[in-house]
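> I'll drop the sequence and a predicted model, then ask my questions.
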Amino acid sequence: MLHTFSGETIGFDVIYKNRSTIGIYIDLYGNIEVQAPKGTSDASVLLIIEDRWDLILQRAREIKERVAGSMEKEYGQGGQFLYLGKSYPILISQDADIEKDNALFEEDKLHVYVKEQNDESVKQALKRFYYQQCKALIEKRVKFYQSEFKTKPRSIRITDNNTNWGTCDSTRRLTFNWKLSMAPLEVIDYVVVHEMCHMVHLNHDRSFWRLVGKIMPDYEQHERWLAVSGWRMDV
């Protein structure tokens, strides 16, 4: 079924089942399905759809964007990369005399300095920049939140982990993904608080989430940012 509302059109399937309420579901590919009680009129379905229109559109777009995957990175002049939650162009300078390929953030640009300009050199220079920035940021934010905890981390490491933004083991060793320096500072703070709370509660039980919520009441919106935008954090 297609329906136009507020100048936009969406398509969705309606499935009638033995249930008492109307539910709206969006699958992993952004397809929309409405499950309604048998005998529900089209008008009732459309009323629910229109009532949740903005949320449905937003969620479907987010999912489709994620499914499409990260756009192929442009490592030439002006290519866009995230830093602290915002996208900035890169400005590349080639200098055969520099000691090591590197990058720095200055005047709203990511300046990349390489001995030889090619995609791999630019990529590795950016990765080194993000790693260094992440290390400095994480250490600073752990120190900031330490007053909330009676125990201290045994160590802090920055890693190239493709499955976790951060971890805390039973000996209070904290590790964080270098890509976090691409996220907004408040999202970085959430990951720091999350892992530091594991120093007290190693699992995700109610006590753990109560502690997270006590320190950071709006943590859910930062979780959502990572869920929706985490795929963009890469070089």
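On my side now, so go ahead.

> Would you mark the buried spots in the longest helix along the chain?
In the chain, with assignment by DSSP state H, the single longest helix is helix 119-145. By 16 or more other CB atoms under 10 Å, the buried positions in helix 119-145 come out as 121-122, 124-127, 129-135, 137-138, 141-142. Quick note: C-beta positions are derived from backbone N, CA and C, even for glycine.

> relative to its centroid, which residue of this structure is most remote?
Distance from the centre of the chain peaks at residue 39, with 41.2 Å (CA atoms, centre = their mean).

> Do you know the pLDDT at that one?
Looking at residue 39, its pLDDT reads 91.

> Just after the helix or strand encompassing residue 90, pick out the following helix or strand.
Using DSSP states H and E, residue 90 sits in strand 86-94. The element immediately downstream of strand 86-94 (helix or strand, assigned by DSSP H and E) is strand 102-106.

> List the strands paired with that following strand, with their directions.
If you go by DSSP bridges, strand 102-106 pairs up with strand 109-114 (antiparallel).

> and the angle from the strand it pairs with to strand 86-94?
30 degrees (axes from the mean of the first three to the mean of the last three CA atoms, to 10 degrees).

> Check the gap between residue 15 and residue 148 for me.
47 Å (CB to CB, to the nearest Å).

> Then residue 229?
26 Å.

> Give me the neighbour count for residue 26.
16 (other CB atoms under 10 Å).

> brain fart, residue 174
22.

> same thing with residue 27?
10.

> Provide a list of residues in contact with it.
residue 33 (CB atoms under 8 Å, 6 or more residues apart in numbering).

> so what pLDDT did it get?
So residue 27 comes in at 73 (pLDDT).

> Is residue 230 located within a helix, as I assumed?
Yes - counting by DSSP: H, G, I helix; E, B strand; the rest coil, residue 230 falls inside a helix.

> Pretty sure residue 181 sits against residue 127.
No - contact criterion CB atoms under 8 Å: residue 181 and residue 127 do not qualify, at 10.5 Å.

> ok, residue 229 and residue 148, which is more surrounded?
residue 229 (18 against 14).

> okay, now the closest residue to that one other than its chain neighbours: neighbour count?
Among residues not flanking residue 229 along the chain, residue 183 sits closest, at 7.9 Å (CB to CB, 6 or more residues apart in numbering). Neighbours of residue 183 under the rule other CB under 10 Å: 27.

> Tell me how far residue 183 lies from residue 114.
On the measure of CB to CB, residue 183 and residue 114 end up 25 Å apart.

> Quick check: phi and psi on the nearest residue to residue 194 once chain neighbours are set aside?
Of all residues not flanking residue 194 in the chain, residue 212 sits nearest, at 6.1 Å (CB to CB, 6+ apart). Main-chain dihedrals, residue 212, degrees, to the nearest 10: phi -60, psi -50.

> from what I can see residue 212 touches residue 197, true?
Yes - between residue 212 and residue 197 there is a contact under CB under 8 Å: 5.1 Å.
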